[in-house]
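Enquirer: For reference, the sequence and a predicted model appear below.
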Amino acid sequence: MENSRIDLPIGVTLDRFIKSKESEYPTAVGAFSQLLRDIALAAKVVNRELNKAGLIDIMGSAGMSNSGGDEQKKLDLLANTRFIRALSKGGEVCGIISEESESFIDLENNGKYIVAIDPIDGSSNIDVNVSVGTIFSIYKRISAINSPLIESDFLQKGRCQIAAGYILYSTSTMLVFSTGKGVNGFTYEQTLGEFVLSNANILCNETGNIYSVNEGISNSIIDVKVKKYIQYCKDKEYTARYIGSLAADIHRNLLLGGIYLYPATKKYPSGKLRLMFESNALAFVIEQAGGKATNGEINILDIQPTSIHQTSPLYIGSKQMVDKIGIE
Ligand code: P6P
């Protein structure tokens, strides 16, 4: 895994960072940079709304469910609107798939890029003031620019991502992403209204002693090797940490080393997490940082999607810990 040497100091703004990297994408002619800026802009708007969620009427249920059957919170729908609007106005994205939208959204422009997004992941935590995240993937459009978008534009393997990342709305708000040349983290400086470089060239430890799994589902885990691995973690007296917000658990394990597991269960026989909106993006980031992500059989990034909202089991984090489960 090649990490582009970061020649920029901690504290440099996201805009400056993007401009300095444009030379690595000569064909991008600024379009890709503009797309990253559009995502950052939407993140700032969502961050502002999250920060005052307890004060204005945007908490609680929206009274609907998404295609995965999850109850939609008001902020799920608000964030979905914010990201779609920012990407549409930016003009670089021709189509979007979202965990909160049933089918793909054709923005009817000549943009070269496709975005897959989970606008607010972990939204059940919003009402109790626990961290939540936005998870996004960027792909290149496959079909001809002047033809209608087709589903195969959206059903691309995770390996085809040209960039991916997450925004973590927590004690501080961070944007962590990779464009295929290493992983960098930017912390939102509220007084400046800017994301500034805070974690350059993030690398995931080869191993660790943190495991993240919902212990409450242990009895309904289907794969015996996963049950054995969880027992192994307990025998080793590893630290159990599970926030119930994927971006937060992944971020901690990325920085400290660790593994996150969401196996196939009786309730979710194909796994709970969405391939296109959660697993692909986080697998891209973790692999760029030297970690690993599988569905228990193959690398997450090599799964050929067959439907926009499909799910998969997810084992992701420090490479040696993922390999230790021994289910690949
Ligand atoms: P459970 C949130 O709904 C989510 O998609 C992830 O953010 C989180 O890690 C997981 O599901 C929590 O699922 O079944 O443990 O509540």
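Expert: Here it is on my side, so go on. Residues are numbered from 1 along each chain as shown.
Enquirer: and residue 85, what element?
Expert: Under the criterion DSSP states H and E, the helix or strand holding residue 85 is helix 74-90.
Enquirer: What residues sit buried inside stretch 242-257?
Expert: Under the neighbour-count criterion of 16 or more other Cβ atoms under 10 Å, stretch 242-257 has 242-243, 245-257 buried. Using the backbone N, CA and C atoms, a C-beta is placed for each residue, glycine as well.
Enquirer: Please apply the same query to stretch 76-90.
Expert: For stretch 76-90, a neighbour-count test (16+ other Cβ under 10 Å) marks 76, 77, 78, 79, 80, 82, 83, 84, 86, 87, 88, 90 as buried.
Enquirer: does it come close to the ligand?
Expert: No: where contact is defined by Cβ under 6 Å from any ligand atom, no part of stretch 76-90 touches the ligand; the two come within 10.5 Å at best.
Enquirer: Give me the residues contacting that stretch.
Expert: Stretch 76-90 has contacts (Cβ atoms under 8 Å, 6 or more residues apart in numbering) with 34-35, 37-39, 41-42, 45-46, 49, 58, 62, 64, 66, 93, 96, 98, 100-101, 105, 107, 109, 115, 117, 119-120, 123, 134, 136.
Enquirer: Same question for stretch 120-135.
Expert: Under the criterion Cβ under 8 Å, 6+ apart, residues 43, 46, 50, 53-54, 59-60, 71-73, 75-76, 79-80, 83, 99, 117-119, 165-171, 243-248, 251, 277-278, 281-282 lie in contact with stretch 120-135.
Enquirer: Tell me how far it lies from the chain's centre.
Expert: Centroid separation between stretch 120-135 and its chain, computed with Cα atoms, centre = their mean, to the nearest Å, is 13 Å.
Enquirer: Do I have it right that residue 34 meets residue 92?
Expert: Yes: at 5.2 Å, residue 34 and residue 92 qualify as touching, with contact defined as Cβ atoms under 8 Å.
Enquirer: Spell out which parts of the stretch 101-250 of the chain neighbour the ligand.
Expert: If contacts are counted using Cβ under 6 Å from any ligand atom, the residues of the stretch 101-250 of the chain sitting beside the ligand are 121, 122, 124, 214, 244, 245, 246, 249.
Enquirer: Select from these the entry with the lowest predicted confidence.
Expert: The member of those with the lowest pLDDT is residue 124, and it reads 85.
Enquirer: picking up where we left off before, the buried residues of stretch 242-257 in helices, which ones?
Expert: 246, 247, 248, 249, 250, 251, 252, 253, 254, 255, 256 (DSSP state H).
Enquirer: contacting residues around the residue nearest to the fourth one when sequence neighbours are not counted?
Expert: For residue 249, ignoring the flanking residues on the chain, the nearest one in space by Cβ to Cβ, 6 or more residues apart in numbering is residue 212 at 4.4 Å. Taking Cβ under 8 Å, 6+ apart as the contact definition, residue 212 lies against 240, 241, 242, 243, 249, 252, 253, 258, 259, 260, 261, 317.
Enquirer: and what of residue 281?
Expert: By Cβ under 8 Å, 6+ apart, the residues touching residue 281 are 116, 135, 136, 137, 158, 161, 164, 165, 166.
Enquirer: Let me have those residues in CSV, extended by distance to residue 144, pLDDT and secondary structure.
Expert: Putting these into CSV (distance: Cβ to Cβ, whole Å; pLDDT from 0 to 100; DSSP: H, G, I helix; E, B strand; the rest coil) gives the following:
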residue, distance to residue 144, pLDDT, secondary structure
116, 21, 98, strand
135, 29, 98, strand
136, 25, 98, strand
137, 22, 98, strand
158, 24, 98, helix
161, 21, 97, coil
164, 25, 97, strand
165, 28, 98, strand
166, 31, 98, strand
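Enquirer: What is the most widely separated pair among those residues?
Expert: Maximum pairwise distance among the contacts of residue 281 (Cβ to Cβ): 14.3 Å, between 158 and 166.
Enquirer: from the ones in helices among the buried residues of stretch 242-257, which single one is nearest the ligand?
Expert: When those are ranked by distance to the ligand (Cβ to the nearest ligand atom), residue 246 comes first, at 3.3 Å.
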